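Visitor: Got a sequence here, can you build the structure:
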Amino acid sequence: MNIEIIVTSDGSHSLINKELNETYHSTHGAIQESLHVFIKNGLQFWLEQNQTKEISILEIGFGTGLNALLTLRGSLNQEARFHYTTIEAFPVAFELVDQLNYAQQLNFEMAEKYFQDIHRSEWNAQISIMPNFILEKHQGKIQAMNFPDQTFDVVFFDAFSPDKQPEMWEMPILEKIAKTMKNNSALVTYCAKGQLKRDLKSLGLKVETLAGPPGKREMVRAVKSN
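Guide: Residues are numbered from 1 along each chain as shown. Reported below is the predicted structural model:
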């Protein structure tokens, strides 16, 4: 694939798929976007609502590994055990991964080692990156994968946009994901299209339209209630 590194407005890198003319993150700031959408309104929201010894996360779209690295950083001050499952059909080449500046930008202890461990860990296996952070990467398309019902507490829905990858946002995929979500779980995504919100509501999820990250007016969180 024709992929290049770009610098976003907060100084952090992203990638652009030149075939799709689609970036992996917001050009207004890759780290800012991931922190706002997935960490603050997804992971932290759920942790504040639930006292737990274990949290299970599903990410649709591993991409650059930024969401995984930010989640790992968030786990450093937690007693809970994090199980992070992520799906990627087209893994980023190591030659590009090695140039990404997330570890330098985030600048926490051993960030570069953790980032490399995340990317170079074996696919389709449970790998202990840290004692309380278990990574399970699946290479392939979600259409070909099956996870047990009621498995995940938080879903990071980070596929390419509906304009570029419409099949990822259609009901068969949304229904499949909703079935994997536990009661009181939360799905977060940068997308706030009306059709997505209607479809999530039709699956019984409580849909909230929240303020978006820099450069984007809105985002969506959908909660699966008892």
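Visitor: phi, psi of residue 179?
Guide: Phi and psi for residue 179, reported as degrees, to the nearest 10, are phi -70, psi -30.
Visitor: Next: residue 57.
Guide: The phi/psi pair for residue 57 (degrees, to the nearest 10) is phi -120, psi 140.
Visitor: same check, this time on residue 15
Guide: phi -120, psi 150.
Visitor: How confident was the prediction at the nearest residue to it once chain neighbours are set aside?
Guide: Nearest in space to residue 15, with sequence neighbours left out and distances taken as CB to CB, 6 or more residues apart in numbering, is residue 24 at 4.5 Å. For glycine as for every other residue, the C-beta is placed from the backbone atoms N, C-alpha and C. Listed pLDDT for residue 24 reads 97.
Visitor: Same check on the one 4 residues further on?
Guide: Residue 28 carries a pLDDT value of 97.
Visitor: Distance of the nearest residue to it once chain neighbours are set aside relative to residue 27?
Guide: Leaving out its chain neighbours, the residue that sits closest to residue 28 by CB to CB, 6+ apart is residue 215, at 3.0 Å. Noted for residue 215: a distance of 7 Å to residue 27, by CB to CB, to the nearest Å.
Visitor: thinking again about what came up before, could you tell me which residues make contact with the residue nearest to residue 28?
Guide: The contact partners of residue 215, taken as CB atoms under 8 Å, 6 or more residues apart in numbering, are 9, 26-29.
Visitor: Kindly indicate whether it is helix, strand or coil.
Guide: For residue 215, the secondary structure call by DSSP: H, G, I helix; E, B strand; the rest coil comes out as coil.
Visitor: Please report the distance of it from residue 108.
Guide: Residue 215 is 25 Å from residue 108, by CB to CB.
Visitor: just residue 216 next, same as before
Guide: Residue 216 is 26 Å from residue 108, by CB to CB.
Visitor: quick one, which of the two is more surrounded?
Guide: residue 216 (16 against 12; other CB atoms under 10 Å).
Visitor: Surely that one touches residue 189?
Guide: No: applying CB atoms under 8 Å as the test, residue 216 and residue 189 come out as separate, 11.3 Å apart.
Visitor: Spell out which residues are contacts of both of residue 215 and residue 27.
Guide: What both residue 215 and residue 27 touch, as defined by CB under 8 Å, 6+ apart, is the set residue 9.
Visitor: Good, wrapping up.
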